[in-house]
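Student: Return a 3D structure for these sequence lines:
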Amino acid sequence: MASIKAKLTESVIKNIPLEITRITDTELSGFYLNVGKPNKDGKRSLVYYLYYRLGGRGSKERRLALGRAPALSVVKARELAKQYIGDVSRGIDVFLEQKERTKAQKQEAEAPTVQELATEFLERYIKVNRKDPLEVERMFEKDVLPAIGGAKLKGITRRDILSKVLDPITDRGAGTQANKTLSILKQMFDFAVERDLMQGNPISTAKKKNVGGVEKPRTRALEFEELIQVFERLPKLGVSTQVIYALKFIALTGCRPIEVTGAQWQEFDFDKMIWTIPAERVKQSKGGERTHKVPITQNMIIMLDELRASFSYLGSKYVFPSTTCTASAVGEQPIDRHSLSRAVNRKQKELGVPKFVPHDLRRTIATRLGDDDIGADPIVVEKILNHQLQGMQKVYNLQEYMDRRREVLMKWAVKVTERI
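Tutor: Here you go, the predicted model:
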């Protein structure tokens, strides 16, 4: 293999003999073209280099790649070589500088993003520790990832998170949701610190009162006449049977919306007249084994019979089967608990009562059971709501009050159904 000396020009590069592997420029010291072997297509790689020593004879030799021809022209390669020779004359090791710059660029390209953190956080923390990870997934998909998903973790700031994610949620009037999002993001960035993806949590000291504002506990409990009016009007407003009956179940049993909407036929024991809500739908820490037993009243049996008659053709295992779900076949999923809120919100004006949400029906039954005509014991009401007793009662009072719960719920059901 041979090398030659010649002034590097475009014409010289286009006519390189096969035996030549290097052409050293005769005008600019250290500037040369390295010529590779022909590939299977007969093409040869052509790379411009600058050879130099930093510190004179005996110092370390450097060969700095300038770029490939023909993407880089001879003229541009020569200009670049001259620039680097000037830098070397000032004591700058341009080879080492380029190496560090390439390393930094690689690190920047490989630096994890908020999207990558969110994926790991969901898989390794949320799905492991939460019974309902879908709520967090929806939060990320709607508000977090579109705003900051592509941001590098090393560069994300408190200001980015507040201005791009949390403030827009608050500005659309969803202060409570903004505070929920803040809590989840705090957990996510703490997770990132634990996994050595970040050095610190940028929002560790952010306060809810400065994001979504101070949250006031809801105090809405419907008056008895308001409750009757709601259930008289709902069937006339085009609301689905499943939604109407699910709302009635909440009002008559005090169960949570998620406990009701996910109900399956196999959970109902009509011999013992008990509906057993499994642990996975009961509000408690993930992995908790506490179930919730609900007395079945005659009014519930009537509703269940009507639901079975209306939807038996689906062959669904769910009491409140979805007929609009696009992710699966009709009846394979229950109605979404959020569908209750959406329906009530859409028909709020036509219902003719002050604003309420489905969960307020739990507060309504708890309040109305204390009315003089029913006069339920507060502990019995707590058991109906499936609340854990507090203090020493929690430790020593293991009574379930099932007979008294049944008696109270039957009185309440008769009072309600006499009017609707």
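Student: just how off-centre is the longest helix anywhere in the chain within its chain?
Tutor: Longest helix in the chain, counting residues (DSSP state H): helix 175-194. Relative to the centre of its chain, helix 175-194 is centred 10 Å away, using Cα atoms, centre = their mean, to the nearest Å.
Student: Same check on stretch 26-36?
Tutor: The chain centroid and the centroid of stretch 26-36 are separated by 56 Å under Cα atoms, centre = their mean.
Student: Next: stretch 17-30.
Tutor: Between the centre of stretch 17-30 and the centre of its chain there are 59 Å (Cα atoms, centre = their mean).
Student: Could you pull up the mean pLDDT of that stretch?
Tutor: Stretch 17-30 comes out with an average pLDDT of 91.
Student: So for that stretch, first residue to last residue, what's the gap.
Tutor: The stretch stretch 17-30 measures 22 Å between its terminal residues, going by Cα to Cα, to the nearest Å.
Student: For it, which outside residues touch it?
Tutor: By Cβ atoms under 8 Å, 6 or more residues apart in numbering, the surrounding residues in contact with stretch 17-30 are 1-8, 12-13, 16, 31-36, 38, 50-52, 78, 81-82, 85. (C-beta placed from N, C-alpha, C; glycine too.)
Student: Same question for stretch 353-360.
Tutor: Identification of contacts with stretch 353-360 by Cβ under 8 Å, 6+ apart yields 218, 220-222, 226, 229-230, 247, 250, 256-257, 337, 340-341, 344-345, 348.
Student: Which parts of the protein are strands?
Tutor: Taking DSSP state E as the test, the strands found in the chain are 2-5, 20-24, 31-35, 46-53, 61-69, 268-269, 274-277, 292-295.
Student: among those, which is nearest residue 200?
Tutor: Nearest to residue 200 among these is strand 61-69 (38.2 Å), distances taken as Cβ to Cβ.
Student: in its sheet, what does the closest one sit against?
Tutor: If you go by DSSP bridges, strand 61-69 pairs up with strand 46-53 (antiparallel).
Student: Enumerate the positions of the strand it pairs with that are buried.
Tutor: By neighbour count on 16 or more other Cβ atoms under 10 Å, the buried set for strand 46-53 is 46-50, 52.
Student: and what of stretch 404-416?
Tutor: For stretch 404-416, burial by neighbour count (16+ other Cβ under 10 Å) applies to 404-406, 408-409, 411-413, 415-416.
Student: Check stretch 188-206 too.
Tutor: Judged by neighbour count using 16+ other Cβ under 10 Å, the buried positions of stretch 188-206 are 188-192, 197-198, 201-203, 206.
Student: Just give me how far it sits from the chain centre.
Tutor: The answer for stretch 188-206 is 17 Å, by Cα atoms, centre = their mean.
Student: can you list the residues that contact that stretch?
Tutor: Residues from elsewhere that reach stretch 188-206, judged by Cβ under 8 Å, 6+ apart: 112, 117-118, 120-121, 124-125, 153-154, 156-158, 160-162, 182, 185-186.
Student: who touches residue 419 in this structure?
Tutor: Residues touching residue 419, when contacts are defined by Cβ under 8 Å, 6+ apart, comprise residue 228.
Student: Same question for residue 213.
Tutor: Taking Cβ under 8 Å, 6+ apart, one finds 170, 175, 179 in contact with residue 213.
Student: any idea how far residue 359 is from residue 374?
Tutor: 21 Å (Cβ to Cβ, to the nearest Å).
Student: try residue 291
Tutor: Counting by Cβ to Cβ, the gap from residue 291 to residue 359 is 21 Å.
Student: in the chain, which helix or strand is least confident?
Tutor: Least confident element among the helices and strands of the chain, by mean pLDDT, DSSP states H and E: helix 94-110 (a mean of 74).
Student: shaky segments in the stretch 101-250 of the chain?
Tutor: Within the stretch 101-250 of the chain, the set of residues satisfying pLDDT under 70 comprises 104-110.
Student: Could I get the full set of helices for it?
Tutor: Remark: helices of the stretch 101-250 of the chain, listed N- to C-terminal, are 114-121, 127-129, 133-139, 145-148, 158-161, 167-171, 175-194, 224-233, 241-253; assignment by DSSP state H, counting those that start in this stretch.
Student: Please identify the deepest-packed of those helices.
Tutor: For these, average neighbour numbers computed from mean count of other Cβ atoms under 10 Å are highest in helix 241-253, which has a mean of 22.
Student: now for it, which elements pack on it?
Tutor: Applying 3 or more Cβ pairs under 8 Å, 6 or more residues apart in numbering; DSSP states H and E, one finds that helix 241-253 makes contact with helix 224-233, helix 257-261, helix 298-311, helix 337-346, helix 360-368, helix 402-417.
Student: what about those, which gets the closest to residue 66?
Tutor: Each of the helices and strands packed on helix 241-253 has some distance to residue 66 by Cβ to Cβ; the shortest is helix 337-346, at 60.4 Å.
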